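Peer 1: model this:
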Amino acid sequence: MKISLKQLSKDFKNLSEKQVTIQGWIKTNRNQKEFGFINLNDGSTLSNIQIVYDKSLLNFEEVSKLGVGCSLTVSGRLVLTPKARQLYEIKATEVLLEGDSPETFPIQPKKHSREFLREVAHLRPRTNLFNATFRVRSLLAYAIHDFFIKRDFIYVHTPIITASDAEGAGEMFRVTTLDLEKLPKDKEGKIDYSKDFFGKSTNLTVSGQLEAEIYAMAFKNVYTFGPTFRAENSNTPRHASEFWMIEPEMAFADLEDDMNLVEDMIKYVISYILENAKEELEFFDKFVYPGKIKQLEELVNSKILVCEYRNAIEILQDSNYKFENRIKFGDDLATEHEKYLTDIHFKSPVFVVNWPKDIKAFYMRLNDDGETVAAVDLLVPGSGELVGGSQREERLDKLIKRMEEMKVPTEEMQWYLDLRRYGGTKHAGFGLGFERLIMYVTGLENIRDVIPFPRTPKNCEY
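Peer 2: A predicted model of the protein is given here:
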């Protein structure tokens with residue numbers, strides 16, 4: 001019977017002495033003249049299986065010379081080995097070469113730097129590190145959908161091509177079919193986007209939030225989960241030009257409801273990974289971030305603290321810690337400030353709430369002080385900011401005034417204002433960068449290592 005290594009690990013006792021067939025890739029091959037040992041992995045689990053072969057194989061000489069990376073179909077008898085490190089192995093009766101791999105194969109059984117592996121990103125999933133990373137990515141994606149579906153949220157597919165700029169930052173990738181060598185101009189000498197494919201200026205989305213608000217006003221609780229894009233010329237370990245976002249939106253909800261949802265979701269997906277990716281987390285705990293499992297368990301079992309932005313600034317100013325960037329009220333928190341709050345001061349995850357309006361987006365609800373908005377960032381130990389959210393501004397007059405102050409064109413956003421004109425209600429939501437979540441769960445520090453095909457400035461391979 002053909003079986004995966006993951007299935008085999010669950011049912012090996014019942015398959016003892018039975019004939020099984022495994023298909024996978026060679027990790028190591030040790031030949032000892034009369035017999036040999038192949039470590040084989042099929043991608044279904046981080047663990048390999050040992051294949052024992054001897055001269056009873058018709059192609060013993062060929063098999064003994066097979067190198068790392070070769071793909072095989074192996075049939076043989078499953079043998080229990082309770083006294084060995086691995087509880088079972090396969091005594092091969094047939095080994096068929098599916099695809100050869102010469103000695104030039106770059107992923108040899110030795111330690112490779114992550115920088116080198118980024119240069120061969122098409123091969124790096126075959127290493128233990130990236131095998132574990134992208135399995136965790138898959139499980140986290142499932143857990144997120146599972147969390148929201150169980151709570152009756154509607155999954156909304158928001159557009160990738162849009163005419164809206166949710167963040168108002170202008171760092172967008174333009175989408176056009178115009179001839180860049182002969183751009184049409186209007187009477188004022190500006191590019192005439194009426195001649196473009198969509199008849200207007202369009203770009204790749206930086207967020208699905210604004211469109212999600214439309215559906216929240218009909219379905220009450222919705223969420224998006226998809227790719228977003230930002231043309232930010234930044235080469236830091238935490239930024240990428242293409243990344244995935246989870247963005248729920250809730251009608252009849254305020255900032256406290258928003259924080260409750262954030263806490264519930266984070267604890268749910270991390271609990272899911274602790275339960276369903278034990279082997280992978282043990283790998284990360286041992287080789288990437290010692291203490292990671294304990295850190296995740298502590299988050300799941302703790303109550304997330306709440307701190308006013310103003311108080312957070314005072315804490316940072318009163319500390320004797322030497323920051324690279326001095327901070328004052330009205331400044332955004334840098335990563336070093338976030339990590340000080342979580343790792344040193346609170347020693348815990350913390351919600352920082354009620355931020356200065358001048359550093360936040362136009363759609364966030366203005367507080368009564370006229371100086372701050374009902375915004376929240378979740379900061380977590382070891383990583384800093386993980387989630388950003390807010391209560392949205394539901395008051396039409398205040399929203400229009402805010403848009404005018406920030407020079408957000410109201411003419412092009414009448415559909416957004418209509419959400420307040422016709423049956424509007426208080427509502428709230430947040431954005432969670434999926435890659436930031438993966439970095440936190442695995443302990444990996446570079447976003448390029450948690451995206452299968454990283455898109456960064458001057459880099460768009462594959």
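Peer 1: Name the residues of stretch 290-301 that are buried.
Peer 2: Lys292, Ile293, Gln295, Leu296, Leu299 (16 or more other Cβ atoms under 10 Å). (Glycine included, C-beta is placed from N, CA and C.)
Peer 1: Rebuild those as a markdown table, extending it with distance to Asp397.
Peer 2: Compiled in a markdown table, those are given as follows (distance: Cβ to Cβ, whole Å):
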| residue | distance to Asp397 |
| --- | --- |
| Lys292 | 49 |
| Ile293 | 51 |
| Gln295 | 46 |
| Leu296 | 45 |
| Leu299 | 41 |
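Peer 1: Of these, which is the nearest to Lys83?
Peer 2: Ile293 (28.2 Å; Cβ to Cβ).
Peer 1: host element of that closest one?
Peer 2: helix 292-301 (DSSP states H and E).
Peer 1: now Leu432
Peer 2: Using DSSP H and E, Leu432 falls within strand 427-433.
Peer 1: residues in contact with stretch 173-189?
Peer 2: Residues external to stretch 173-189 that are found in contact with it (Cβ atoms under 8 Å, 6 or more residues apart in numbering): 161, 191-198, 201-204, 229, 231, 241.
Peer 1: what about Ser9, neighbour count?
Peer 2: Ser9: 15 surrounding residues under other Cβ atoms under 10 Å.
Peer 1: Might you report the residue contacts of it?
Peer 2: By Cβ under 8 Å, 6+ apart, the neighbours of Ser9 are Thr45, Ser47.
Peer 1: ok so, going back, so which of the contacts of stretch 173-189 are in helices?
Peer 2: Of these, none are assigned to helices by DSSP state H.
Peer 1: Looking at the residues you listed, spot the one nearest Met172.
Peer 2: Distance to Met172 across those (Cβ to Cβ) is lowest for Asn203, with 3.8 Å.
Peer 1: what are the ranges of the strands in the stretch 1-150 of the chain?
Peer 2: Here the stretch 1-150 of the chain has its strands, by DSSP state E, counting those that start in this stretch, at 19-31, 35-41, 49-54, 71-80, 88-99.
Peer 1: so which of those comes closest to His345?
Peer 2: Here strand 35-41 is closest among these (Cβ to Cβ), at 43.6 Å.
Peer 1: What pairs with the closest one, parallel or antiparallel?
Peer 2: Strand pairing for strand 35-41, using DSSP bridges, gives strand 19-31 (antiparallel), strand 49-54 (antiparallel).
Peer 1: Which strand or helix spans Leu386?
Peer 2: Going by DSSP H and E, Leu386 is in strand 384-391.
Peer 1: Just checking: what are the partner strands of that strand?
Peer 2: Strand 384-391 has these strand partners (DSSP bridges): strand 372-380 (antiparallel), strand 427-433 (antiparallel).
Peer 1: Tabulate those strands (a markdown table), appending mean pLDDT.
Peer 2: Below are those laid out as a markdown table (pLDDT from 0 to 100):
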| stretch | mean pLDDT |
| --- | --- |
| strand 372-380 | 97 |
| strand 427-433 | 97 |
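Peer 1: Same list (those strands) but as TSV, adding mean neighbour count.
Peer 2: TSV is the format used below for the strands paired with strand 384-391 (neighbours: other Cβ atoms under 10 Å):
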stretch	mean neighbour count
strand 372-380	24
strand 427-433	24
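Peer 1: Now distance to Asn29 too, for these, in TSV please.
Peer 2: What follows is the strands paired with strand 384-391, written out as TSV (distance: least, Cβ to Cβ, whole Å):
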stretch	distance to Asn29
strand 372-380	43
strand 427-433	41
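Peer 1: Which among the contacts of stretch 173-189 count as buried?
Peer 2: Applying 16+ other Cβ under 10 Å to the contacts of stretch 173-189 flags Tyr193, Asp196, Thr202, Asn203, Leu204, Phe229, Ser241 as buried.
Peer 1: partner residues bridging the fourth one?
Peer 2: Meaning Asn203. Thr162, Arg174.
Peer 1: State the distance from it to Leu210.
Peer 2: Distance, Asn203 to Leu210, by Cβ to Cβ, to the nearest Å: 13 Å.
Peer 1: Over to Lys322?
Peer 2: In terms of Cβ to Cβ, Lys322 sits 41 Å off from Leu210.
Peer 1: same check, this time on Ile451
Peer 2: Plainly put, Ile451 is 25 Å away from Leu210 if you go by Cβ to Cβ.
Peer 1: what do you get for Gln108?
Peer 2: 49 Å.
Peer 1: One more: Asn311?
Peer 2: 31 Å.
Peer 1: again, but for Val222
Peer 2: Val222 is 12 Å from Leu210, by Cβ to Cβ.
Peer 1: These two: which has the busier surroundings?
Peer 2: The residue with more neighbours, out of Val222 and Leu210, is Val222; 26 against 22, by other Cβ under 10 Å.
Peer 1: got the residue ranges for the strands in the stretch 251-400 of the chain?
Peer 2: Secondary structure of the stretch 251-400 of the chain (DSSP E, counting those that start in this stretch): strands at 305-308, 350-356, 372-380, 384-391.
Peer 1: Between those strands, which one is closest to Phe252.
Peer 2: strand 384-391 (11.3 Å).
Peer 1: Helices along the stretch 301-450 of the chain, start to end?
Peer 2: Assigned by DSSP state H, counting those that start in this stretch, the stretch 301-450 of the chain shows helices spanning 309-318, 335-339, 396-405, 414-421, 434-442.
Peer 1: Out of those, indicate the one that is most buried.
Peer 2: helix 434-442 (a mean of 24; mean count of other Cβ atoms under 10 Å).
Peer 1: Counting by contacts, list what that one packs against.
Peer 2: Contacts defined by 3 or more Cβ pairs under 8 Å, 6 or more residues apart in numbering; DSSP states H and E place helix 434-442 against helix 128-150, strand 242-251, helix 255-276, helix 292-301, strand 384-391.
Peer 1: Tell me which residues are up against the longest one.
Peer 2: The list of residues contacting helix 128-150 from outside it, by Cβ under 8 Å, 6+ apart, reads 41, 43, 46, 114, 117, 124-125, 155, 223, 225, 246, 248, 264-265, 268-269, 272-273, 276-277, 279-281, 283-284, 287-288, 434, 437-438, 441-442, 444, 449-450, 452.
Peer 1: try the second one
Peer 2: Residues from elsewhere that reach strand 242-251, judged by Cβ under 8 Å, 6+ apart: 144, 148, 153, 207-209, 212-213, 215-217, 220-230, 257-258, 261, 265, 425-435, 447, 451, 455.
Peer 1: filter the residues you listed to the buried ones?
Peer 2: Using 16+ other Cβ under 10 Å, the buried ones in the contacts of strand 242-251 are 144, 148, 153, 207-209, 212-213, 215-217, 220-226, 228-230, 257-258, 261, 265, 426-435, 447, 451, 455.
Peer 1: and Ile214, how far is that from Leu399?
Peer 2: Separation of Ile214 from Leu399 (Cβ to Cβ) stands at 15 Å.
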